[in-house]
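J.: Provided below for reference: sequence and predicted model.
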Amino acid sequence: MDINWYGLSCFRIREGGVTVVCDPYSKSVGLTLPKLKADIVTISHDQPGHNNLERLTGDYKAITGPGEYEVQNVFVTGATTYHRKQAGAEPERNTVFFYEFGNLIVGHLGDLGEVPSQAEIDGLNLSEVDVLMVPVGGGDTLDPTRAVDVIGMLEPRIVIPMHYAHDRLASGIASDLASVDKFLKELGVVVPEPVDTLKLNKSNLPEETEVVLLNVSA
């Protein structure tokens, strides 16, 4: 499996000849998404930072809400969650997705802002989570403390932080987000050396949870 990060919450996952693109963004976020060929596209919520299909090619299946789906032998489970609740306002819906590629399970939490209950976690019927993409920058999404809580509930083998302040993000977005360093300090890990692409298979997964930082792909 190969995983690339394109900034904010957008990833490309390639495994077994199938390509999944998560949360493709528009130029409004300050980045320009390269053209990506996809078989499956998941959109956690209907906002320009997560729902832009214009840069995608291929005969893809777009999944925009909760449910259970099978596309080219990849099983996708989407579950309803929410942004962080603001006083006096209805929280915006967010869909978390889990992708089962044979013996590897990858989770993408979108703009999750509230820590799910244990009953909600159990309702996903996940045997285990191998890779988890977690928002850590705060704002409407998980802040570092809540991100660590969610990681403790799901116990993934690999954590990939996302949705934090990084280079080239539009200033209006970056100013609302914390850096990834605050999350790493909260989790109590040494800052890992970023890599361009995460390459993995079931046999080389770590025994204990590890954090992988990805560089933004051009």
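T.: Arrived safely.
J.: hmm, Asn94 and Pro116 touching each other?
T.: No: applying CB atoms under 8 Å as the test, Pro116 and Asn94 come out as separate, 10.9 Å apart. To be clear about C-beta, it is placed using only N, CA and C from the backbone, and glycine gets the same treatment.
J.: between these two, which contacts overlap?
T.: Counting by CB atoms under 8 Å, 6 or more residues apart in numbering, the common neighbours of Pro116 and Asn94 are Thr81.
J.: ok, and what's touching the helix or strand of the chain with the lowest mean pLDDT?
T.: Lowest by mean pLDDT, DSSP states H and E among the helices and strands of the chain is helix 118-122, with a mean of 86. Residues lying outside helix 118-122 but in contact with it, judged by CB under 8 Å, 6+ apart, are Ala79, Thr81, Met153, Leu154.
J.: switch to 7 Å and redo it
T.: When contacts are defined by CB atoms under 7 Å, 6 or more residues apart in numbering, helix 118-122 is touched by residues Met153, Leu154.
J.: can you check stretch 205-217 too?
T.: Applying CB under 7 Å, 6+ apart, the set of residues contacting stretch 205-217 from outside is 4-7, 130, 151, 155-161, 166, 180, 184, 187, 189, 192, 194-196, 198.
J.: what's the first-to-last distance across it?
T.: Using CA to CA, to the nearest Å, the span of stretch 205-217 from its first residue to its last is 23 Å.
J.: ok, and for it, which residues are buried?
T.: Of the residues in stretch 205-217, those buried by neighbour count under the rule 16 or more other CB atoms under 10 Å are Thr209, Val211, Val212, Leu213, Leu214, Val216, Ser217.
J.: which parts of the protein are helices?
T.: Secondary structure of the chain by DSSP state H: the helices cover 118-122, 144-154, 171-174, 180-187.
J.: avg pLDDT for the shortest one?
T.: Just to be clear, that refers to helix 171-174. Over the span of helix 171-174, the pLDDT mean works out to 92.
J.: Pro91 and His45, how far apart?
T.: Pro91 sits 11 Å away from His45 when distances are taken as CB to CB, to the nearest Å.
J.: for Asp111, same thing?
T.: In this structure, Asp111 and His45 are 6 Å apart, going by CB to CB.
J.: so what pLDDT did Gln86 get?
T.: Reading off the confidence values, Gln86 has pLDDT 68.
J.: do the same with Val74
T.: At Val74 the predicted local distance difference test score is 98.
J.: contacting residues for Pro116?
T.: Taking CB under 7 Å, 6+ apart as the criterion, Pro116 is in contact with Thr81.
J.: do Arg93 as well
T.: Under the criterion of CB under 7 Å, 6+ apart, the contact list for Arg93 reads His45, Thr80, Tyr82.
J.: want to throw these into a markdown table with neighbour count?
T.: Listed next are those as a markdown table, based on neighbours: other CB atoms under 10 Å:
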| residue | neighbour count |
| --- | --- |
| His45 | 21 |
| Thr80 | 12 |
| Tyr82 | 17 |
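J.: who touches Lys182 in this structure?
T.: If a contact means CB under 7 Å, 6+ apart, then Lys182 has Pro144 as its contacts.
J.: Leu33 reaches Leu53, doesn't it?
T.: No: at 10.3 Å, Leu33 and Leu53 do not qualify as touching, with contact defined as CB atoms under 7 Å.
J.: what is in contact with the two at once?
T.: Pro24.
J.: tell me which of the two has more neighbours.
T.: Under the neighbour definition other CB atoms under 10 Å, Leu33 and Leu53 were set side by side, and Leu33 has more, 20 against 14.
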